[in-house]
Each structure stands twice: as structure tokens, then as C-alpha cells.
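J.: No sequence on hand, only this structure:
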């Protein structure tokens, strides 16, 4: 009986949170098109998110390409299909693994960072101080961050994909004596608009989800410093789940348009 | 210390505010007169901070009126409220400096929001003037985390002053500071009041602060004005509930 009650309570809390998140997203679109535009803060956030994530994305992407190629090589060799390696790796990375893996890693770095920063600003009354000084804190803090993640995540994913392919090319070069030129020729011959376009479009949604959930959790954090930790943590968990849901929907839609 | 003042700069009538079952303010009334230092004293959790947040529109009261001359705050549009806020300085309990910005950026922040009131060409001059007022011009390029608690409170005061407000709200200005730094902040508040002729509403439970700075005091108890008068009148009271504040 208690377990049933607890389940119903959690389910109801979940749907309430989804409702609040939808309201929060609605407010974002409402404030997005109203003046004043906080362009300076948007640029600052974009620069911080992009610049500070470069190393992480670079290292992750490189290792991803490297490991993926090393792991796939023996199986492809067994079937005498090792020459298909660049095509297989490029399609897997560009279509699916690159965007999802890099978005997940950035959800951990950027999403939790936003959650913790806004949460800490909330509990130390910095958001109230902004309001009192005649600033709309939602516009200044939330709109700029969501816009920045929406635009920067796709750029970082494209960069991460390219570095992953570099890692893969390096393995092929060392293990299979395939030149970088040959490897990338095959990659570009394989990849089509239907591979690149849907994969890039979904990264904008990934970016939006990372910014939205991070801001939502941080902006609404409660209960002092413990609330800040909780905001940061739940921002990552919630975003990760949302990323997979978005990915599923994106793949489903892509499959309709590009069967 | 006392000045003859008559004009009301802010008034609260019958303010009610609660959170769920808990009723915090139960019909609180207040009138802040021009040029006076009005101290609100109350125990922790008595609703002092809630009351001051209702005054600047950070919280919406359940019922009651908060008025600046001729205008009720709850009926103001966002833009009108922002314009009003340019005339009100607010010193937060924990200073509330933006920790991702330097001291200069913290002070410039309100100036950039009120370009109708100030020319941005004079930003540097205004920032330096505000920092000189609190005796910390050398901290201009430092980050808040590099400053002590007392210095942070002074910078927060400089930020509250930079728009040259007519009214300043102080929320527990000396809480968390050692007695010497607390005294410095109190003297600074007095200097500012003399220099800019501001009206101040000070929320505190620091008796020393109240003694030095107040022209008038209100004791907030159970969400209502329990007692009102000068520091001397209240501190000489034989009412046990009032005496408890001054022990």
C-alpha cells in the first residue's frame, strides 16, 4: 500500500515538474522576442560554453573515434570488409554516436554548471539583486544561456564528430596503412545530405534541452546550499533522459523522411 | 540626529503574507518619512525580510497596500516598477554581489540598466565615486571572492548607492560581521544618510545598530507592529516582550 502511494506521489510530482518545465519553456519564447536583448551576455555565455568545452569535446571525440575503430576492426576483418571501415565509422559517428555522446558529456559539463550557477545565485539572493536593480533576471540569465547552448552545442558536436573521424583515421593509418586523404575521401563519398542534415538539426534540440533543464533546475532551486547540489545533479539526470527521448523522436522522424 | 520630517516616501497598509499554513505578516503597517532612519526590529523568522521584499516587488503580498507617493506597487507594470527601483537602493543580507563579475562590473550593472538616468560616458567616474564613498577604490578590478565579508558588504553598499537613490533598504546590514566591522558599516550608513539625504529602512536584530542609527523604531512581533517609538522609549519599556529585544 505504501509502495503504491509512493509511486503515485512520485508520478504526480514528475508530471507537475513536466508541466512547470513546459511553462518555463513558454516563458523563454515569450521573453526571447521582447526588448531589451541581452546580446552582450549572450556572447559572453556562448564564448564561455564553447571555449571551455573545446578540450573536453576534443579529447572525448578523439578517443571515441579511436576506440570505436579499434573495436570494430577485428570483426570487419573477419568478414573481409575492413575497406568499409571509413564509411561505417563516419555514418555511425555523424548520425548517432557523435551527437548523442558529445551532448551527454556537455549535459554533464554545461547543464550541471548552469544548474549550480543559477542555484547558487538564487540562494545567495543575486537573482533578487538583479531584479531590484531593474533587470529582468529571466531574460538576462535564462534566455541568454538557453540561446547560447542551442547555438553552441551543434558547433561543438560538429567539431567533436570531425575529431572523432581524425582519431579513427589515425588508427586506420597506423593499423591498415590507409592514408588520411584516402580515408577522408571515402568518408565524404559516403556521407549524404540525409546523414548530415537530420543529425545537425537534432543537436539544436539537444542544446535547447541542455540549456532549458539546467536553467529550470537552477532558477527554481530551493533549500539552501543542499538545493544547489540537487539542482546541479538533477539537471544532468533529467537532461540525459530528455536527450535520449529527443534522439528517439529525431530518428523516428528521420526514418519517415529518409527511409 | 533627529530631523523634522513630514513627507511619507513609502507606506504599507494592512499587509498580509503567508506561506501555506504559516502566516508571517498579519496586518503590518508602516510609514517611512523623508530623511528618516526607520529601524524594524524583530526576531529571526518574524517576517522582516518578507516585508522588505514585498516593498520592492520581489514578493507579492496576499493582501494590503504598498504605496510610494500616489502609486500602489502591486498595480505597477514591470517598466514602471523598474523605474521606481532606480530610486531605491537595496543592501542584501549576504551582500548578493554577482560572483562571476568584478567589483567594477558589479557596480556598472545597475548603471547599464538605467541609461535614462545616467550617461554611460560617466560610468568610470560614477563607479569610482561610489567606491570612494565606501573607502575601497583599490578593489575595483577584484572579484567578490577575493574580498572579506566586511569589504563585500561595503561594495554591496556602493552598488546600492550608485544610482543615487532617494530611499535605501538595509536587510540585516551587520549580520555575520565582527563587532568592529559592523560598527564601521553602521558609521558608513550614517555618513551616506548625511551626504545624500536618503530615507532609510533598516531591518535588523542588532541592538547596537538600532541605537546608533534609528530615528524611529518598529518592533515586529507575530506579524504586526507590536510597538513603535524612539530607541530610548522602547528600550525603557517594562513590557516583557519588548524588554526581550533589548537584553
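T.: Okay, I see it. Values in this document were obtained by computation on a predicted structure and should not be read as measured data.
J.: Which residues of chain B lie near chain A?
T.: Selection of chain B residues close to chain A by CB under 8 Å from any CB of the partner chain yields B:53, B:56-58, B:78, B:82-83, B:85-86, B:88, B:90, B:92-94, B:96-100, B:109-110, B:113-114, B:159, B:163. (Glycine included, C-beta is placed from N, CA and C.)
J.: repeat that for 7 Å
T.: Residues of chain B lying near chain A by CB under 7 Å from any CB of the partner chain: B:56, B:58, B:82, B:85-86, B:90, B:92, B:94, B:96, B:98, B:109-110, B:113-114.
J.: helix or strand right after the longest helix anywhere in chain A?
T.: Longest helix in chain A by number of residues (criterion: DSSP state H): helix A:39-78. Counting by DSSP states H and E, the element after helix A:39-78 in chain order, helix or strand, is helix A:85-92.
J.: For the following helix or strand past that next one, which outside residues touch it?
T.: Note on helix A:85-92: by DSSP H and E, the next helix or strand toward the C-terminus is helix A:98-106. Defining contact as CB atoms under 7 Å, 6 or more residues apart in numbering or on different chains, one finds that helix A:98-106 is touched by A:53, A:56-57, A:60-61, A:64, A:153, A:156-157, A:160-161, A:164, A:199, A:202-203, A:206, A:210, A:240, A:243, A:247.
J.: Over to stretch A:214-226?
T.: So stretch A:214-226 is contacted by A:21, A:24, A:110-111, A:114-119, A:122-123, A:142, A:145-146, A:227-228, A:230-231, A:234-235, A:239 (CB under 7 Å, 6+ apart).
J.: before we move on, what about stretch B:89-105?
T.: A:124-126, A:128-129, A:132, B:56, B:106, B:109, B:127, B:139-145, B:152-153, B:155-157, B:160-161, B:163, B:165, B:168-173, B:175.
J.: since we're on residue B:100, how many residues are nearby?
T.: For residue B:100, the count of nearby residues is 15 (other CB atoms under 10 Å in any protein chain shown).
J.: mind checking which helix or strand it is in?
T.: Here residue B:100 is assigned to no helix or strand, by DSSP H and E.
J.: Quick check: phi and psi at it.
T.: phi -90, psi 0 (degrees, to the nearest 10).
J.: do you know how far it is from residue A:126?
T.: 9 Å (CB to CB, to the nearest Å).
J.: Mind listing the shared neighbours of those two?
T.: Common neighbours of residue B:100 and residue A:126 (CB under 7 Å, 6+ apart) do not exist.
J.: Are any of the residues of chain B next to chain A buried, and if so which?
T.: Buried members of the residues of chain B next to chain A, counted by 16 or more other CB atoms under 10 Å in any protein chain shown: B:56, B:58, B:82, B:85-86, B:90, B:92, B:94, B:96, B:98, B:109-110, B:113-114.
J.: Need the residues you listed in CSV (columns: pLDDT and distance to residue B:228).
T.: Putting those into CSV (pLDDT from 0 to 100; distance: CB to CB, whole Å) gives the following:
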residue, pLDDT, distance to residue B:228
B:56, 85, 22
B:58, 86, 25
B:82, 81, 32
B:85, 83, 27
B:86, 82, 30
B:90, 90, 23
B:92, 90, 26
B:94, 86, 28
B:96, 91, 29
B:98, 93, 37
B:109, 89, 36
B:110, 87, 33
B:113, 79, 36
B:114, 77, 34
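J.: now stretch A:239-250: mean pLDDT?
T.: Stretch A:239-250 comes out with an average pLDDT of 93.
J.: do stretch A:193-200 as well
T.: 89.
J.: for the chain, what spans make up the strands?
T.: Picked chain A for this. Taking DSSP state E as the criterion, chain A carries no strands.
J.: To clarify, I was referring to chain B.
T.: Using DSSP E, strands in chain B cover B:8-19, B:22-33, B:37-42, B:63-68, B:71-72, B:88-91, B:167-171, B:199-204, B:216-221, B:224-229.
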